[in-house]
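[1] the amino acid sequence is not available; the structure is as follows:
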């Protein structure tokens, strides 16, 4: 059955509880902390600030990253999915997320990460107009598109602040996954524009392998082929 990722603000109480319970179980098992540690390993070259290859890898690497968590959630509860936080239209976090600030043990760190936030003290949330204009732009190359989207992405990390403001630990905050759900959604909507489906990362050889996993960036081109969609 295909996964449908829904807007975090429209979830039923039951859907909210499924997400929270799955994350808490993965924290307890240590699987969640292992994902946090993977993201904190800069050798994966998964952000534009790391250089030209990181710019190309940013979107496909994080698409794969979300799938890894979602698959582990669905092993606990088949109905689970990663919701997206549509920060272009919703100018703050969904209320049900506010109290979900867990403590996360991460391999190689002496103390657990206590998730904290400092909303709105820096950074900004891109406007709905900016997001729609980006999604509908058919004149951009892939590199231009991903650079602009990663810029919006960086600002949101700063706006949430606290744990989200530190690249080495940001996935410890459950908001990270909702934020990246929105980033991935924007990419998928841009890909759906006429002429954009063939615009893809310029990656070859080892750079095209989304380490530490074995998938290639080309495997991340289509969310339909990956068996999920956005409501």
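    Arrived safely. Not measured: the values here are computed from a predicted model.
[2] just give the nearest non-adjacent residue to the most centrally placed residue in the chain, would you?
    The residue lying closest to the centre of the chain (Cα atoms, centre = their mean) is residue 180, at 2.1 Å. Once flanking residues are discounted, residue 180 sits nearest to residue 62: 5.4 Å by Cβ to Cβ, 6 or more residues apart in numbering. Quick note: C-beta positions are derived from backbone N, CA and C, even for glycine.
[3] returning to what we had before: contact partners for the residue nearest to the centre of the chain?
    Counting by Cβ atoms under 8 Å, 6 or more residues apart in numbering, residue 180 makes contact with 62, 65, 66, 153.
[4] now, among the residues you listed, which is nearest to residue 34?
    Within these, the smallest distance to residue 34 is 12.0 Å, found for residue 65 (Cβ to Cβ).
[5] can you list the buried residues in whichever strand or helix holds the closest one?
    Take DSSP states H and E as the rule and residue 65 turns out to sit in helix 52-76. Neighbour counts over helix 52-76 (16 or more other Cβ atoms under 10 Å) mark 53-70, 72-73, 76 as buried.
[6] list the strands paired with the next helix or strand after that helix, with their directions.
    Of the helices and strands lying after helix 52-76 in sequence (DSSP H and E), the nearest is strand 103-104. Here strand 103-104 is paired, per DSSP bridges, with strand 113-114 (antiparallel).
[7] what mean pLDDT does the partner strand have?
    When pLDDT is averaged over strand 113-114, the result is 98.
[8] can you check stretch 65-73 too?
    Average pLDDT, stretch 65-73: 98.
[9] again, but for stretch 82-101
    97.
[10] show me what counts as buried in it.
    Under the neighbour-count criterion of 16+ other Cβ under 10 Å, stretch 82-101 has 82-88, 93-94, 96-97, 100-101 buried.
[11] list just the nearest of the contacts of residue 180 to residue 121.
    Checking those against residue 121 with Cβ to Cβ, the nearest one is residue 153 at 17.8 Å.
[12] what are the neighbouring residues in contact with that closest one?
    179, 180, 183.
[13] identify those among these that sit within strands.
    Counting by DSSP state E, none of the members of these fall within strands.
[14] of those, which belong to helices?
    Secondary structure defined by DSSP state H assigns 179, 180, 183 of these to helices.
[15] if I look at the first one, how far off is residue 90?
    This means residue 179. 12 Å (Cβ to Cβ, to the nearest Å).
[16] strands of the protein, start to end?
    Using DSSP E, strands in the chain cover 3-5, 103-104, 113-114, 228-230.
[17] now do the contacts for the spatially closest residue to residue 132 that is not a sequence neighbour.
    Spatial nearest neighbour of residue 132, excluding adjacent residues (Cβ to Cβ, 6+ apart): residue 88 at 7.4 Å. Neighbouring residues of residue 88 by Cβ under 8 Å, 6+ apart: 125, 126, 127, 128, 130, 131, 132, 182.
[18] since that was my last question, I'll sign off now.
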